[in-house]
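1. I'll drop the sequence and a predicted model, then ask my questions.
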Amino acid sequence: MTVLEANIKLFCWFQEKHCFEPDKDTLDLLVVTDYPDEDKAAILCALKELEQMGCIASQKVDDKTYYILKKDFSSAAEQKVEISGYTADMLAGCLNHFCDKIGDQKDQCDPTSIKEKDIRNAVLIMQHYYKIEQSMSDDLSDTLDMPPSEQ
């Protein structure tokens, strides 16, 4: 497991829970692992990063270290992103094309002023197409009379 993978798992963890205790909770993050010590090290590195970002605080009580959210994780993980003009133009082009396709211009994107709503709209469009893809895959599975995991 990489530190990035551990960060992703912890991000999901802290969406639902407010505290992480490595000795007790690490196994809940790892479904199956061939390298439990290395994976635990990656999780500890990720916890350290989250603490340095100010998202969590740690406290030792007796022999255990607890990592506790400082505030709601969705707001604690807020960040600023800089993108190039080229990327902004690509994003705006995709979003505006989708707006044209659905005949709704209210969410058109200005490539000179990308906002959080534009990123969110791009994610929503990806989720929409992912659901369509999953549905098509499920329909194909039904047609072939095979469970999805065996394709």
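-> Done, it's in.
2. residue contacts, Met126?
-> Listed by C-beta atoms under 8 Å, 6 or more residues apart in numbering, the contact set of Met126 is empty. For every residue, glycine as well, the C-beta is placed using N, CA and C.
3. which element is it on?
-> Using DSSP states H and E, Met126 maps to helix 116-144.
4. swap in Gln59?
-> Going by DSSP H and E, Gln59 is part of strand 56-61.
5. name the next helix or strand downstream of that strand, please.
-> strand 64-69.
6. just checking, what packs against that next one?
-> Where contact means 3 or more C-beta pairs under 8 Å, 6 or more residues apart in numbering; DSSP states H and E, strand 64-69 is packed against strand 19-20, helix 22-29, helix 36-52, strand 56-61.
7. and this protein, what are its domains?
-> Residue ranges for the domains of the chain, per automatic domain parsing: 3-76, 85-150.
8. now stretch 116-123: buried residues?
-> Asp118, Asn121, Ala122 (16 or more other C-beta atoms under 10 Å).
9. give me the distance between the second one and Asp100.
-> Distance from Asn121 to Asp100, counting by C-beta to C-beta, to the nearest Å: 14 Å.
10. also Glu38?
-> For Glu38, the distance to Asp100 - C-beta to C-beta - is 49 Å.
11. could you do Ile43 as well?
-> With C-beta to C-beta as the criterion, Ile43 and Asp100 are 45 Å apart.
12. likewise for Asp107?
-> 11 Å.
13. please apply the same query to Asp118.
-> Counting by C-beta to C-beta, the gap from Asp118 to Asp100 is 15 Å.
14. among the helices and strands packed on strand 64-69, which is nearest Ser135?
-> Of all these, helix 22-29 sits nearest to Ser135, with 30.1 Å by C-beta to C-beta.
15. what lies in contact with that closest one?
-> Ala6, Lys9, Leu10, Trp13, Asp39, Lys40, Ile43, Leu44, Leu47, Lys64, Thr65, Tyr67.
16. return a ChimeraX selection command for the buried portion of these.
-> ChimeraX command restricting the contacts of helix 22-29 to the buried ones, with burial defined by 16+ other C-beta under 10 Å:
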select :6,9,10,13,39,40,43,44,47,67
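17. so where's this structure shaky on pLDDT?
-> Within the chain, the ranges that satisfy pLDDT under 70 run 73-77, 138-151.
18. and of the helices and strands packed on strand 64-69, who's closest to Thr112?
-> Here helix 36-52 is closest among the helices and strands packed on strand 64-69 (C-beta to C-beta), at 32.9 Å.
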